[in-house]
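A.B. asks: Kindly return the folded structure for what I paste below:
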Amino acid sequence: MIRSTFEPGHEWFEEVLPEGVAVGETTVITGPGGSGKPLVGFAVVESWLAAGGSVVFLLTNSGREFVAETMAELYDVGVADYDDQLSFVDFDPELEPTVEAIETSDEGIIRANLLDGDVWTDAIDGAAEGLTDDGPGTLVFATALNLFLFSPTYREESLETFLETVEREDDRTYLFTVSTSAFEDDIARVESAADTVLLTEMESQRLRLRGERSASVEVSTAFVDVPFSPEQIGTIKSVSEETRTSLIPTLKEI
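C.D. replies: Numbers count the residues shown, from 1 in each chain. The predicted structure is shown next:
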């Protein structure tokens, strides 16, 4: 492993994790729905790419276009400039939940029904294959994992898959966001298994972040303000709202 920690270089982040993100471990960003969790994750992603690392985006409630627009809006970063460092896995619950049904587009985007544990593993492994392993290594960034739990058939399997991934011993670093607005007990199990847990909240249109705990790095449990504008926060909220009205009803039928 190249280093034991990675420092994203954002002053507000350093106040919460003075030593940085634990490399090769799992960090979970948790909090109520609409509390800006992906914005914190994008801050890590931007710095990770700039340091020469690679990122696998696991797209549960948004597409590659949203990633490109968000990175450009927040950090003036062009996704196309990092083609050899980026890979995308698009969660499509309309596909059969089998490894054989995994699809790869001409642009290299993997589409798969990630509700099945074997599909989840194969899709992420496939996305990571061929990426450069420079800088801090490979980061797997996945948002809104709690959405998987809305499937009555695959809820338990998805939860076990998350726990196995969080506890997986490999060279990758995992950064997951989960909402505590639903399935709170299940999400608590994911949090307990993670190496580091961060917590977000919204107060008067301000995004705030603090550390909850960590097994390997120092954390501050005092809230700090994260300097994103109300418009930027509103964009993330609108994506979450769109998900609630489209993806969740589909998952409830599976």
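A.B. asks: Packing partners of the helix ranked longest in the chain?
C.D. replies: Longest helix of the chain, by residue count under DSSP state H: helix 230-252. Counting contacts by 3 or more Cβ pairs under 8 Å, 6 or more residues apart in numbering; DSSP states H and E, helix 230-252 packs against helix 37-50, helix 64-75. Every C-beta, even on glycine, is put in place using the N, C-alpha and C of the backbone.
A.B. asks: Is it possible to get a markdown table of these that adds mean neighbour count, distance to residue 146 and mean pLDDT?
C.D. replies: Shown next, in a markdown table, are those (neighbours: other Cβ atoms under 10 Å; distance: least, Cβ to Cβ, whole Å; pLDDT from 0 to 100):
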| stretch | mean neighbour count | distance to residue 146 | mean pLDDT |
| --- | --- | --- | --- |
| helix 37-50 | 22 | 11 | 92 |
| helix 64-75 | 16 | 18 | 83 |
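A.B. asks: what comes up buried for the host helix or strand of residue 162?
C.D. replies: Using DSSP states H and E, residue 162 falls within helix 155-166. Across helix 155-166, burial judged by 16 or more other Cβ atoms under 10 Å covers 155, 157, 158, 159, 161, 162, 163, 165, 166.
A.B. asks: Taking helix 230-252 as reference, get the angle to that helix.
C.D. replies: Interaxial angle, helix 155-166 versus helix 230-252 (axes from the mean of the first three to the mean of the last three Cα atoms, to 10 degrees): 130 degrees.
A.B. asks: quick one: average confidence on helix 155-166?
C.D. replies: If you average the pLDDT over helix 155-166, you get 95.
A.B. asks: go on, stretch 23-33?
C.D. replies: On average, stretch 23-33 scores 93.
A.B. asks: all helices of the stretch 101-250 of the chain, in order?
C.D. replies: Assigned by DSSP state H, counting those that start in this stretch, the helices in the stretch 101-250 of the chain fall at 117-128, 155-166, 184-193, 230-252.
A.B. asks: Of the ones you listed, which is nearest residue 72?
C.D. replies: Proximity to residue 72 (Cβ to Cβ) singles out helix 230-252 among the helices of the stretch 101-250 of the chain, at 11.8 Å.
A.B. asks: which one is residue 38 nearest to, not counting chain neighbours?
C.D. replies: Nearest non-adjacent residue to residue 38, counting by Cβ to Cβ, 6 or more residues apart in numbering: residue 143, 4.9 Å away.
A.B. asks: Give me the neighbour count for that neighbour.
C.D. replies: If you count neighbours by other Cβ atoms under 10 Å, residue 143 ends up with 26.
A.B. asks: contacting residues around it?
C.D. replies: 37, 38, 41, 58, 60, 61, 62, 176, 177 (Cβ atoms under 8 Å, 6 or more residues apart in numbering).
A.B. asks: Looking at the residues you listed, spot the one nearest residue 102.
C.D. replies: Taking Cβ to Cβ as the measure, residue 58 is the one of those closest to residue 102, at 13.4 Å.
A.B. asks: list the contacts for the closest residue to that closest one other than its chain neighbours?
C.D. replies: Leaving aside its sequence neighbours, residue 58 sits nearest to residue 142 (Cβ to Cβ, 6+ apart; 3.6 Å). Counting by Cβ under 8 Å, 6+ apart, residue 142 makes contact with 57, 58, 60, 174, 175, 176, 177.
A.B. asks: In a markdown table, list the contacts of residue 143 along with distance to residue 123.
C.D. replies: Putting the contacts of residue 143 into a markdown table (distance: Cβ to Cβ, whole Å) gives the following:
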| residue | distance to residue 123 |
| --- | --- |
| 37 | 22 |
| 38 | 20 |
| 41 | 19 |
| 58 | 8 |
| 60 | 12 |
| 61 | 16 |
| 62 | 16 |
| 176 | 15 |
| 177 | 18 |
